[in-house]
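Visitor: Here is my input; please provide its structure:
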Amino acid sequence: MAASASPALTRPDGSPVRVLVVDDEVNIAELISMALRYEGWQVSAAHTGTKAVAAAKELKPDAVVLDMMLPDFDGLEVLRRMRGTDPDVPVLFLTARDAVEDRIAGLTAGGDDYVTKPFSLEEVVARLRALMRRSGAQQAAESSVLAVGDLTLDEDSHEVARDGEEISLTATEFELLRYLMRNPRRVLSKAQILDRVWNYDFGGQANVVELYVSYLRKKIDAGREPMIHTMRGAGYVLKPAAGQ
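Guide: Just a heads-up that it's a prediction; the model follows:
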C-alpha cells in the first residue's frame, strides 16, 4: 500500500477531508483530483460555475480548488455564491494569467491563495494542506520523515540520508525521490512519474525520467546495495536493499 509523504489530514470527526475541484478543462480537473485522492481525501469535480455552486452546497467541502476562468461565469462569481452558503471555506484559485491585478482581484474577493498555470501537482497539494491546517483540519501525526530501509527523507527540512550519511539533492531529485519513497515496492511507470514530479503539461520526453533516475542512483546507490531498480518495460521501483 502506498505510504503518504505527509501525515494524513482529517476532519475533526476523523473522516476524510472533502475537496471540490473546479476547472472547465476536464483533464486538468482529473489530474488534480487523482493527486488529492492519493492523499486520502474525498474529492468531487465540477466543470462549470453553476455545477460548482451546486456541488459546494451538497458536498460542504473543507477546501475548494477554483479555476478563475469558467465557461458560464468566472471564479470570482463562483466564490461569491459559495461564500453566501459557507463564508469560511478555504479557496485556492487557479489562473492561467499571472498578472498582478488578477491575483489581487482573487485575493481581494476572498480567495485564500492562488497558483498559476502551469503548476505542479505537488504545489497544489502543499498549498491545500496549508490552507486546511489553518482552517482546522486535524493532522494525524507529527512526523514528516519518510523511511525506506536505511534511507530517510525529511519533508520539512529537505534532509536526505542513507545509513546516517547525508545526501545532497536538487529540488527535482528530491521530488522524484519523495514520490518513489511514497510508493515503496510499487512499480511506477515513466508516465506516472512525469505526472507527479513534473508539471501536468510537461512537453519533454520520458527520457527525462531516465536521466533523473540515473542522477538519483549516483547519489543514493553509489557504493551501496541498490535500492532503485529498473523493471524493464514497466518502470522503476524503490525498495529496501537486500538484507534490510
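
Visitor: Run through this structure and note the low-pLDDT ranges.
Guide: 1-8, 96-110, 135-143, 199-206, 243-244 (pLDDT under 70).

Visitor: ok, which stretches of it are strands?
Guide: Shown for the chain, the strands assigned by DSSP state E span residues 9-10, 18-22, 42-46, 63-67, 91-95, 113-116, 138-139, 145-148, 151-154, 160-162, 165-167, 228-231, 235-238.

Visitor: Next, format the ones you listed as JSON lines and append mean neighbour count.
Guide: From N, CA and C alone the C-beta is placed, and that goes for glycine too. JSON lines is the format used below for the strands of the chain (neighbours: other CB atoms under 10 Å):
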{"stretch": "strand 9-10", "mean neighbour count": "20"}
{"stretch": "strand 18-22", "mean neighbour count": "26"}
{"stretch": "strand 42-46", "mean neighbour count": "20"}
{"stretch": "strand 63-67", "mean neighbour count": "27"}
{"stretch": "strand 91-95", "mean neighbour count": "23"}
{"stretch": "strand 113-116", "mean neighbour count": "17"}
{"stretch": "strand 138-139", "mean neighbour count": "14"}
{"stretch": "strand 145-148", "mean neighbour count": "18"}
{"stretch": "strand 151-154", "mean neighbour count": "20"}
{"stretch": "strand 160-162", "mean neighbour count": "19"}
{"stretch": "strand 165-167", "mean neighbour count": "12"}
{"stretch": "strand 228-231", "mean neighbour count": "14"}
{"stretch": "strand 235-238", "mean neighbour count": "22"}
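
Visitor: could I get the ones you listed as CSV with distance to residue 57?
Guide: Listed next are the strands of the chain as CSV, based on distance: least, CB to CB, whole Å:
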stretch, distance to residue 57
strand 9-10, 22
strand 18-22, 10
strand 42-46, 11
strand 63-67, 12
strand 91-95, 15
strand 113-116, 23
strand 138-139, 24
strand 145-148, 38
strand 151-154, 40
strand 160-162, 45
strand 165-167, 49
strand 228-231, 46
strand 235-238, 41
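
Visitor: nearest to residue 194, of these?
Guide: strand 235-238 (10.9 Å; CB to CB).

Visitor: Right, I'll leave it there.
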